[in-house]
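K.L.:
A structural model of the following input is requested.
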Amino acid sequence: MTPLRIFLTQLAPVVGGALVLALALPVSAQTEPKGLLETIHKHKFLTSTVPDNGDVNPYAVVVVPKTVGSLQQNDVLMDNFNDISNLQGKGSTVVLYRPSTKELKLFAQVPQNLKDCPGGVGLSTAMAVLQKGWVIVGSTPSLDGTTKTKGDGCLLVFDATGRHVATWVGPRINGPWGNMAVVDRGDSATLFISMAGFGVPGPEVIDPVTHYPVILKQATVLRLEVALPEQGLPQLSSQTVVADGFSHRADMANFLLGPTGLALAPDDTLYVTDGLDNEITAIPNATTRTDSAGKGRTVTQGGLLAWPLAMVMTAQGHLIVANGKNGQAVEVDPRSGKQIYAHWLNANQAQSPPGNGNLFGLALSPDGQSLYYVEDDNNDLRIATP
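P.N.:
Numbers count the residues shown, from 1 in each chain. You can find the predicted model right below:
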């Protein structure tokens with residue numbers, strides 16, 4: 001008989017003077033999985049994410065919803081934040097992985113010094129693919145790889161063949177950063193994007209108390225309403241700040257720290273990860289509200305969270321978040337605020353803690369049973385499956 005195995009997931013805080021170990025039993029030792037992560041057992045390498053121009057540091061991961069143009073349903077799109085010299089905020093490529101053929105190819109590329117985008121191009125985790133084939137990608141650019149030369153950035157629009165067709169800029173768009181939450185109605189779409197660039201100085205501006213770069217509380221979540229006519233380009237029809245006051249700051253190793261994960265629930269609650277405050281918050285009436293909810297209501301904080309980044313919502317209504325400070329994904333029930341499970345996606349011992357800084361973008365597979373994720377340490381795409 002195989003001995004019962006117990007996997008240590010994290011050291012919990014000291015409670016009543018005793019160190020509590022947070023343990024996760026394998027699914028076989030439980031009567032029924034409480035969520036998706038407990039069913040994950042395999043991790044498979046799929047492809048390098050490095051295109052011919054040498055861009056590295058994959059950020060966004062998005063699954064194509066419908067076949068149109070050069071896109072096939074279930075293709076996986078990723079973008080790169082760094083250039084061949086590993087300078088952050090200078091990546092300019094979107095690559096496409098086709099699961100049916102296991103092929104990687106370049107989908108789109110723009111000049112790094114694109115004049116229509118304030119500061120140039122550095123493609124971030126903000127990416128959406130709409131049913132009509134429009135691909136919308138955020139740019140948070142830099143000239144020297146740090147926020148000292150950060151530009152305001154923009155949103156780039158590509159057609160289904162990868163051709164750059166439009167650039168959206170404006171005073172509410174500054175550092176499009178986190179993964180987008182999307183409502184796609186076919187003839188219109190609603191996009192939610194975190195903006196983490198407002199007022200961020202260079203990483204040399206240090207808080208004398210913390211001895212880290214100074215923290216601001218000016219990051220926002222912006223709702224964009226987009227018209228999608230049968231003929232012609234997508235039209236940006238309105239912009240509304242639905243949340244603000246999130247923490248953000250410059251960082252030498254990570255360029256920028258700010259709200260990253262966005263997920264929209266069926267009840268119109270928008271969930272947001274705030275990495276610096278190590279929490280997930282909830283914004284009610286997200287698609288209809290006409291004002292900002294501030295940071296909203298705190299859903300969960302601390303615990304298994306370790307600088308929560310990109311986030312997806314499962315069919316069960318749970319949130320799965322990629323940790324930035326270790327290689328774990330964490331599953332949360334937002335209704336109760338309970339942190340259910342932590343699962344190692346990347347346990348690279350070269351970092352401390354293992355996998356520190358390696359995770360970023362996440363996407364559910366089309367069947368909702370697996371997770372696509374990128375590894376920044378290896379510049380590759382992987383899938384975690386039952």
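K.L.:
And the strands in the stretch 201-350 of the chain?
P.N.:
For the stretch 201-350 of the chain, the strands defined by DSSP state E, counting those that start in this stretch occupy 216-227, 235-251, 255-257, 262-264, 270-274, 279-283, 297-301, 308-313, 319-323, 328-333, 338-344.
K.L.:
Format those strands as TSV; extra columns: distance to Pro65, mean neighbour count and mean pLDDT.
P.N.:
From N, CA and C alone the C-beta is placed, and that goes for glycine too. Shown next, in TSV, are these (distance: least, Cβ to Cβ, whole Å; neighbours: other Cβ atoms under 10 Å; pLDDT from 0 to 100):
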stretch	distance to Pro65	mean neighbour count	mean pLDDT
strand 216-227	15	21	98
strand 235-251	20	20	97
strand 255-257	29	25	96
strand 262-264	15	23	98
strand 270-274	20	27	98
strand 279-283	24	23	98
strand 297-301	27	17	98
strand 308-313	14	25	98
strand 319-323	19	29	98
strand 328-333	23	24	98
strand 338-344	26	21	97
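K.L.:
mind putting those strands in TSV, distance to Val94 included?
P.N.:
Formatted as TSV, those follow (distance: least, Cβ to Cβ, whole Å):
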stretch	distance to Val94
strand 216-227	19
strand 235-251	20
strand 255-257	19
strand 262-264	19
strand 270-274	23
strand 279-283	28
strand 297-301	32
strand 308-313	17
strand 319-323	20
strand 328-333	24
strand 338-344	28
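K.L.:
Identify whichever of those lies nearest to Pro33.
P.N.:
Pro33 sits nearest to strand 338-344 of all these, at 8.8 Å, using Cβ to Cβ.
K.L.:
can I get the CA coordinates of the helix or strand that that closest one is followed by in PDB?
P.N.:
Using DSSP states H and E, the helix or strand that directly follows strand 338-344 along the chain is strand 359-364. What follows is strand 359-364, C-alpha atoms only, in PDB (Å, rounded to 0.1, in the frame of the first residue of the first chain):
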ATOM      1  CA  LEU A 359       5.100  33.500 -12.700                       C
ATOM      2  CA  PHE A 360       2.900  36.200 -14.300                       C
ATOM      3  CA  GLY A 361       0.100  35.500 -16.800                       C
ATOM      4  CA  LEU A 362      -2.600  32.800 -16.400                       C
ATOM      5  CA  ALA A 363      -5.400  31.500 -18.600                       C
ATOM      6  CA  LEU A 364      -7.900  28.700 -18.300                       C
END
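K.L.:
Whichever helix or strand comes after strand 359-364 - contacts with which helices or strands?
P.N.:
On the C-terminal side of strand 359-364, the closest following helix or strand by DSSP H and E is strand 371-375. For strand 371-375, the elements it packs on are strand 56-63, strand 359-364, strand 380-385, judged by 3 or more Cβ pairs under 8 Å, 6 or more residues apart in numbering; DSSP states H and E.
K.L.:
Now mean pLDDT, mean neighbour count and distance to Val165 too, for those strands, in JSON lines please.
P.N.:
Below are the helices and strands packed on strand 371-375 laid out as JSON lines (pLDDT from 0 to 100; neighbours: other Cβ atoms under 10 Å; distance: least, Cβ to Cβ, whole Å):
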{"stretch": "strand 56-63", "mean pLDDT": "98", "mean neighbour count": "25", "distance to Val165": "18"}
{"stretch": "strand 359-364", "mean pLDDT": "97", "mean neighbour count": "24", "distance to Val165": "24"}
{"stretch": "strand 380-385", "mean pLDDT": "98", "mean neighbour count": "19", "distance to Val165": "26"}
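K.L.:
Please name whichever of the strands of the stretch 201-350 of the chain is nearest to Asn174.
P.N.:
Once the strands of the stretch 201-350 of the chain are compared by Cβ to Cβ, strand 216-227 is nearest, at 8.5 Å.
K.L.:
so the closest one versus strand 279-283, what angle?
P.N.:
Angle, strand 216-227 to strand 279-283, by axes from the mean of the first three to the mean of the last three Cα atoms, to 10 degrees: 50 degrees.
K.L.:
so who does the nearest residue to Val226 once chain neighbours are set aside touch?
P.N.:
Nearest residue to Val226, sequence neighbours excluded (Cβ to Cβ, 6 or more residues apart in numbering): Ala189, at 4.6 Å. Neighbour list for Ala189: 128, 130, 182-183, 225-226, 228, 234 [criterion: Cβ atoms under 8 Å, 6 or more residues apart in numbering].
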